[in-house]
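Q: just need the structure, nothing else, for what follows:
(2 chains)
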Amino acid sequence: MAAREIELDCRDMEPPEPYECATAALRTLTPGTYLKLILPRRPELLYPWLREHGFRERTLLRAADHCEVYVCRDDDPGTCAALAART
Amino acid sequence: MYAGISLQQAPPLSVPGRFFLTAPWFGVAAALLLLFDGEALLASRWSPAMLAATHGLALGFIATIMLGATQQLLPVLASAIIPRPRPVATLIHLLWLPGVALLMAAFLLLRPWLFHAAATLLSAALAIFIGTAGHALYRSESSSDSAAGMRLALLGLLAALTCGVLLAFGLAGTLPLWRPRLTNLHLAFGLIGWIALLLMAVAWQVVPMFQITPPYPAPLRVRAARGLLLLLAGKALALGLSGTAAVVLDQGCNIALAGLLAAFAIATLRLQRQARRKVRDSHRDFWRLGMVGLLLSILCWAVSLVFSHPVLPLLTATLFLLGFALAVITGMLLKIVAFLLWLHLQSLRDALLQAGKEAFSVPKMNAMIPSRHGEWLLRILIAAQIATVVAVLAPRFMAIPAALLWLLHFGYLGSITGYAMYRYHRIRVRVEPHVAAIHAPGTRPRTTASGG
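A: Numbering: from 1, shown residues only, chains lettered A, B, ... in the order given. Below you'll find the model as predicted:
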């Protein structure tokens, strides 16, 4: 079964709103689902939080002001494997 | 461009906090000088009260905030870590505050020992600051434009300090007083080489991040800071020359400096027009006001090239210091304080959650410093700026209203930042026992995922 994507476009948000929205969305993330964050820069503040709370991420810098971060639960290897293959 | 941002390496809140809490009260002191000695103060750029007030503003308010903000932003914007940040900040702060107060007193009372004492304390504070910040910056591997700009701004500060110490010893009678040429160089390095250059270095990251604009044009980011410092070095070189060569070199550098600063101001205003987020925001308005102040200051300086009038240099400096630097720094201070309080409370909450303790809800940034405070402060600032410009032209009528508006501005700013810090402290005291329990020996944080 394909993983379900939840997209969160944070490009019009000023810090720390992207962090607040992302952590709120991730607290309700269920297995088989991943979060796609679109940001104007790498979310440096979020990375330690992801590690501490059991998430894995894959960051793709598409342009100088366009960054995509894909996040899955650590205990959901199927979804994480699908994200690892993403380019 | 953002790869260097590292918020986890930020120093404890008390490091910048002590500078942010004390700075507005030097603004109050400068406003009191304007209130009680306004007409004499505005009579000339050399009047004792004017020198005391400008140093109270430039060192006591602007530089104090910049010293605190730099220690906070070095790890965040330039991945440069100052070892043992708390004792370093304590030492700088303890030397800096009496140094500024003694310098203000020295200008008012014209006592040689006061100039000696002030120069010694301020030099010691800045030597520690430049030494520790410079060491951290040169060890940092960050190649960001902000890191490069911060390194150059430290050189500008060092040059301003050297000129300032020579002038202080000149005023004390220990050395010859090389005025006005050394004073002009001291002003150029202080206002442009330190204040403008550091604000630029910070702007490269802060404006796009908080105002949701596109990045600054790469040529400006790469060349502006280097260009400013090279041109200031050209002005220093002109000081050693004489005759036409000195005048041509000095004025050539001045024109190029004005061009670079105007390019920065216009680029900022253009980026703000292209902002993705169109919501009204006082932080953006403070920056806009600052850029308009900078352009007016440059215009005033250009007019002084054509019409020689003693009020024009005073107006140029007033617009630069109060119109540009003070507006941008006030806006930044509100944003930085609110963001830092949020950041530290968030990390406290995360620590409690991780330990399985009952957490508290972190107030939004807008709740720590409500936007209506920023909007009111902006209105008061604009009124104070206009009143001061009119007071420069007509001191007899406008000096007292201008002083009262500045008193209101700095008093209000001091109470906003003070109350926000107090609210943070109250939350911290409430949760302190739980935090202490987490850090007690034998207590290990829960490491299971809480994402589900």
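
Q: now residue B:391: closest residue in space that isn't a chain neighbour?
A: Spatial nearest neighbour of residue B:391, excluding adjacent residues (C-beta to C-beta, 6 or more residues apart in numbering or on different chains): residue B:398 at 3.7 Å. For glycine as for every other residue, the C-beta is placed from the backbone atoms N, C-alpha and C.

Q: pLDDT on whatever helix or strand that neighbour lives in, on average?
A: With elements taken from DSSP states H and E, the one containing residue B:398 is helix B:395-439. Over the span of helix B:395-439, the pLDDT mean works out to 90.

Q: starting at the chain centroid, how far to that helix?
A: Taking C-alpha atoms, centre = their mean, to the nearest Å, one finds helix B:395-439 lying 17 Å from the centre of the chain it belongs to.

Q: who does that helix touch, helix- and strand-wise?
A: Contacts defined by 3 or more C-beta pairs under 8 Å, 6 or more residues apart in numbering or on different chains; DSSP states H and E place helix B:395-439 against helix B:14-41, helix B:326-354, helix B:365-368, helix B:371-393.

Q: now do the strands in chain A.
A: Using DSSP state E, the strands of chain A run over residues A:4-9, A:33-39, A:55-63, A:66-73.

Q: any chance of the ones you listed in a markdown table, with mean pLDDT and distance to residue B:241 too?
A: Rendered in a markdown table, the data for the strands of chain A read as follows (pLDDT from 0 to 100; distance: least, C-beta to C-beta, whole Å):
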| stretch | mean pLDDT | distance to residue B:241 |
| --- | --- | --- |
| strand A:4-9 | 94 | 58 |
| strand A:33-39 | 95 | 52 |
| strand A:55-63 | 92 | 48 |
| strand A:66-73 | 94 | 51 |
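
Q: quickly compare the ones you listed and say which is most buried.
A: strand A:66-73 (a mean of 21; mean count of other C-beta atoms under 10 Å in any protein chain shown).

Q: got the angle between that one and strand A:55-63?
A: Here strand A:66-73 runs at an angle of 170 degrees relative to strand A:55-63 (axes from the mean of the first three to the mean of the last three C-alpha atoms, to 10 degrees).

Q: quick one on the thing from earlier: residues in contact with the residue nearest to residue B:391?
A: Applying C-beta atoms under 8 Å, 6 or more residues apart in numbering or on different chains, we find residue B:398 in contact with B:387-388, B:390-391.

Q: with distance to residue B:239 and mean neighbour count added, can I get the helices and strands packed on helix B:395-439 in a markdown table?
A: Shown next, in a markdown table, are the helices and strands packed on helix B:395-439 (distance: least, C-beta to C-beta, whole Å; neighbours: other C-beta atoms under 10 Å in any protein chain shown):
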| stretch | distance to residue B:239 | mean neighbour count |
| --- | --- | --- |
| helix B:14-41 | 28 | 21 |
| helix B:326-354 | 28 | 22 |
| helix B:365-368 | 46 | 18 |
| helix B:371-393 | 27 | 18 |
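
Q: distance to residue B:250 added to those, as a markdown table?
A: Rendered in a markdown table, the data for those read as follows (distance: least, C-beta to C-beta, whole Å):
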| stretch | distance to residue B:250 |
| --- | --- |
| helix B:14-41 | 28 |
| helix B:326-354 | 27 |
| helix B:365-368 | 45 |
| helix B:371-393 | 25 |
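
Q: which one of those lies nearest to residue B:189?
A: Evaluated with C-beta to C-beta, these place helix B:326-354 nearest to residue B:189, the distance being 18.1 Å.

Q: contacts for stretch B:325-332?
A: Outside stretch B:325-332, the residues within contact range by C-beta under 8 Å, 6+ apart are B:57, B:61-62, B:65-66, B:69, B:191, B:195-196, B:199, B:202, B:206, B:282-283, B:285-287, B:289-290, B:293, B:374, B:377-378, B:381, B:385, B:413.

Q: swap the cut-off to 7 Å and go again
A: B:62, B:65, B:195, B:199, B:282-283, B:286-287, B:289-290, B:293, B:377, B:381, B:413 (C-beta atoms under 7 Å, 6 or more residues apart in numbering or on different chains).

Q: and stretch B:242-249, by the same measure?
A: Under C-beta under 7 Å, 6+ apart, the answer for stretch B:242-249 is B:234, B:237-238, B:241.

Q: residue B:68 reaches residue B:16, doesn't it?
A: Yes. With contacts counted by C-beta atoms under 7 Å, residue B:68 reaches residue B:16, the gap being 3.9 Å.

Q: circling back: looking at the helices and strands packed on helix B:395-439, which is nearest to residue B:86?
A: Distances from residue B:86 to each of the helices and strands packed on helix B:395-439 were compared using C-beta to C-beta; the minimum, 6.2 Å, belongs to helix B:14-41.

Q: which elements pack onto the closest one?
A: Using 3 or more C-beta pairs under 7 Å, 6 or more residues apart in numbering or on different chains; DSSP states H and E as the contact criterion, the neighbours of helix B:14-41 among helices and strands are helix B:48-55, helix B:64-78, helix B:85-109, helix B:326-354, helix B:395-439.

Q: so the longest one versus helix B:64-78, what angle?
A: Orientation of helix B:395-439 against helix B:64-78 (the same axes, to 10 degrees) gives an angle of 50 degrees.
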